[in-house]
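J.: Need a 3D model of the sequence below.
(one chain, ligands or ions: 2)
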Amino acid sequence: MDSSKRKSQQRLTSKQIKIAPSILAADFGRLGEEVTRAQEAGADLIHIDVMDGRFVPNITMGPLVVEAIAKVAAIPLDVHLMIVEPDRFLRRFAESGADSISVHIEASTHLHSVLGQIKEAGCRAGVALNPHTPASALQDILDDVDMINVMTVNPGFGGQSFISGMTRKLRTLRAMVAGRDIEIEVDGGINAETLSSAMKAGADIAIAGTCIFQHKKGIAAGIAELRRAAALAIANDDP
Ligand code: DX5
Ligand code: ZN
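T.: Ligands and ions are numbered 1, 2, ... in the order given. Next up is the predicted model:
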């Protein structure tokens, strides 16, 4: 067995992947109920996609929505800022109840400073990478990062297809963060089919919207399906 295969097995057998439902695909008219359902079905964190119509061609929600979700959620709120000049809004999101805040490297001229501000505000600091941004862009900032969000679609919309070439970037990042307390998220196009390759490539947290909130049998069934796929990926990878 080659060493990369052995490493991948160690990772898969030693820990279960976390599931972070993305509320972008939820019914916004019943957001509180949907978050509660996801939480009761065993979600590990709630992923909140903030879009400004400038960094991405879509507008979603702001700190007021995070504040409303914080009132019903007991699990951590993971805020993904797809906005320009994220430093202008960090404190607002932290005060609204965010536990972790990720900014896009492509939107952050002074990333080191921004990550420091996120931590000062009491949150875990994350960096998100668009599909074209190489893993190496993070090489000199790893000491300051708690989470890395690897976008496996072009950000802006839910329901897109997983870009399979991103698994190479996931593997590169997994090797880069070895020995550090950094979690790697995979975001976009995750479902029962794509989850396994993301896990094998080294993802710690699977962010999924459509396959959970739009599941024809409901939110709990969507999460259960992902858990089954994760268990299968582990079983198939065992010697
Ligand atoms: C895309 C968002 C993702 C997205 C995931 O810009 O960052 O979090 O909502 O949704 P699905 O699972 O539908 O791809
Ligand atoms: Zn996201």
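J.: and stretch 50-62, which residues are buried?
T.: Neighbour counts over stretch 50-62 (16 or more other C-beta atoms under 10 Å) mark 50, 51, 52, 55, 56, 60, 61, 62 as buried. Where you see a C-beta, it was placed from the backbone N, CA and C, and this is true even at glycine.
J.: What of stretch 191-209?
T.: So, applying 16+ other C-beta under 10 Å, buried residues of stretch 191-209: 191-192, 194-209.
J.: Now intersect the buried residues of stretch 50-62 with the strands, please.
T.: 50, 51 (DSSP state E).
J.: which bits of the chain sit near ligand 1?
T.: Applying C-beta under 6 Å from any ligand atom, we find that the chain lies next to ligand 1 at 22, 24-25, 47, 49, 80, 153, 155-156, 158-160, 187-190, 207-210.
J.: These also near ligand 2: which ones?
T.: 49, 80, 187 (C-beta under 5 Å from the ion).
J.: In TSV: those residues, plus pLDDT and distance to residue 172.
T.: Output for those, formatted as TSV (pLDDT from 0 to 100; distance: C-beta to C-beta, whole Å):
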residue	pLDDT	distance to residue 172
49	99	25
80	99	21
187	98	17
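J.: Now do the strand or helix carrying residue 32: which elements does it pack against?
T.: Using DSSP states H and E, residue 32 sits in helix 31-40. Judged by 3 or more C-beta pairs under 8 Å, 6 or more residues apart in numbering; DSSP states H and E, the packing partners of helix 31-40 are strand 46-51, helix 63-72, helix 210-213, helix 219-237.
J.: Thanks again, I'm all set now.
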